[in-house]
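> Following is a predicted model, sequence given first.
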Amino acid sequence: MSATLTMTQPDDWHLHLRDGAMLAAVLPDSARHFARALIMPNLMPPVTTAAAARAYRDRILAARPAGSMFTPLMTLYLTEDTQPAEVAAAQAEGLIAAVKLYPAGATTNSASGVRDFQRIRPVLERMAEIGLPLCVHGEVTDPEIDIFDREAVFIERVLDPLRRATPGLRLVLEHVTTREGVQYVRDSGAGLAATITAHHLLLNRNHLLAGGIRPHFYCLPVAKRERHRKALLAAALSGDARFFLGTDSAPHPNAAKQSACGCAGCFTAGNAMPLLAEIFSREHALSRLEAFSALNGAAFYGLAPNTSRLRLTRVDGENLPPRLDTAEGPVTRFDPGFASAWSATVLPSAKEPRA
Ligand code: DOR
Ligand code: ZN
């Protein structure tokens, strides 16, 4: 097994950076390894307008560590009142790379999301015309549906009808967690892709719940059975261009996670690439990591790959410190329970990364 991999610098196609003091504290973890990231808009209040996205992008740029070229790619939060013209103008201006659909009540700060999917038909038609992708949190919110079934039921009840109604719409099933989700993407054409997180490649629901509840492994969609994790792993390793990395790194202060009603989210940004190197290398597929984390996502979004490189080297356990102190209290970095055997270093290119 090779002890070093030098690859195109990766991008993160699904990232929660938060705002204010939390943004300043967590952004360096993403900027360490990733050149670009698709920034989720579920702030309080959500990023529903071009003006809000512009201001949020500027706050992110201002919070970058000195010398960092990290590029945020912005999204708009879709509501039932989102106007097709606003979305089209934001894309034309080069401000947004996608629109994010949260079913109302599905996850953190999703209350302003969509209840009646008929009401978003006009904006989806317009997005199909202009080739602007829709990123979907794929879970139903029906309380009758078991939480472990919410993704599979979403595909059947919402996603498939929505795709049939708007055939040209480019769509990303975010943080896919099930065999059904992987199969649905495999059975579809190039206009449907899925992001996969590092933590869903590592965890099944036993890791979350057996022998004690582990709040730092709790996220949404929740980790599923082992057979689903295996399906995700097969998709990530396959090289299929429709599967790519979106970490869904989602920091919350420890007090909000270690609580009687804890928040969903794993803070993985800083450890994701070393952990992925470990996962891919255990499967004797290290050379496929570049497609999954640096090439497939850029191609889906119509962007050139980064010109900078990332070097991954086998070392003796080099995890980041487990605790990150922020003005909102300590945050726990994702730790799967084993030391990562890889370190990652960015090798700058002569040219700047293309945005
Ligand atoms: O675990 C999650 N955390 N899943 C989401 O969909 C949202 C995210 C967050 O914003 O905390
Ligand atoms: Zn997310």
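Looks like it arrived, so ask away. In this text the structure is predicted, and so the values were computed from the model without any measurement. Ligands and ions are numbered 1, 2, ... in the order given.
> Please state the offset of stretch 184-191 from the chain centre?
Here the centre of mass of C-alpha atoms in stretch 184-191, compared against the chain's by CA atoms, centre = their mean, to the nearest Å, lies 19 Å away.
> Spell out which parts of this protein neighbour ligand 1.
Contact residues, the chain versus ligand 1 (CB under 6 Å from any ligand atom): His16, Asn42, Thr107, Thr108, His137, Cys219, Leu220, Asp248, Ala250, Ala264, Gly265. For the C-beta atoms, the positions are set from N, CA and C on the backbone; glycine is no exception.
> now the fourth one: how far from Arg126?
Here Thr108 is placed at a distance of 27 Å from Arg126 (CB to CB, to the nearest Å).
> any idea which element the residue nearest to Ala165 when sequence neighbours are not counted lies in?
Counting by CB to CB, 6 or more residues apart in numbering, Arg121 is the residue found nearest to Ala165 once chain neighbours are left out, at 7.0 Å. Secondary structure assigned from DSSP states H and E places Arg121 in helix 121-130.
> in that helix, what's buried?
Neighbour-count burial for helix 121-130, with 16 or more other CB atoms under 10 Å as criterion, is recorded at Val123, Leu124, Arg126, Met127, Ala128.
> hmm, back to that, minimum pLDDT in the residues of the chain next to ligand 1, which residue is that?
Lowest-confidence member of these: Thr108, scoring 82 (pLDDT).
> Next up, the contacts around that one.
Applying CB atoms under 8 Å, 6 or more residues apart in numbering to Thr108 gives the contacts Asn42, Leu220, Ala250, Cys263, Ala264, Gly265.
> my read: Ser249 touches Asn271, true?
No. Contact criterion CB atoms under 8 Å: Ser249 and Asn271 do not qualify, at 9.2 Å.
> Strands of the stretch 101-250 of the chain, start to end?
Remark: strands of the stretch 101-250 of the chain, listed N- to C-terminal, are 134-136, 171-173, 192-196, 243-245; assignment by DSSP state E, counting those that start in this stretch.
> can you list these in TSV and add mean neighbour count?
As requested, those are arranged in TSV below (neighbours: other CB atoms under 10 Å):
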stretch	mean neighbour count
strand 134-136	24
strand 171-173	26
strand 192-196	26
strand 243-245	27
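> For Ser340, find the nearest of those.
strand 243-245 (15.9 Å; CB to CB).
> quick check, distance from the closest one to the centre of its chain.
9 Å.
> was I right about Gly8 contacting Ala291?
I think there's a mix-up here, since residue 8 is Thr and not Gly. No. Contact between Thr8 and Ala291 fails when scored by CB under 8 Å: they sit 9.5 Å apart.
> Tell me where the model's unsure across the chain.
Within the chain, the ranges that satisfy pLDDT under 70 run 1-2, 317-318, 350-355.
> so who does the nearest residue to Arg150 once chain neighbours are set aside touch?
Once flanking residues are discounted, Arg150 sits nearest to Glu139: 4.0 Å by CB to CB, 6+ apart. Glu139 makes contact with Pro103, Ala106, Thr107, Arg150, Glu151, Phe154, Leu220, Pro221, according to CB under 8 Å, 6+ apart.
> mind running it again at 7 Å?
Pro103, Ala106, Arg150, Glu151, Phe154, Leu220, Pro221 (CB atoms under 7 Å, 6 or more residues apart in numbering).
> Give me the neighbour count for the first one.
What that stands for is Pro103. Neighbour count for Pro103, taken as other CB atoms under 10 Å: 21.
> What distance do you get for it to ligand 1?
Distance, Pro103 to ligand 1, by CB to the nearest ligand atom, to the nearest Å: 11 Å.
> these two touch, right, that residue and Val114?
Yes. Using CB atoms under 7 Å, Pro103 and Val114 qualify as a contacting pair, with a distance of 6.0 Å.
> Kindly provide the distance from the residue nearest to Glu129 when sequence neighbours are not counted to ligand 1.
Once its chain neighbours are removed from consideration, Glu129 has its nearest residue in Gly168; the separation is 7.3 Å (CB to CB, 6+ apart). From Gly168 across to ligand 1, the span is 26 Å (CB to the nearest ligand atom).
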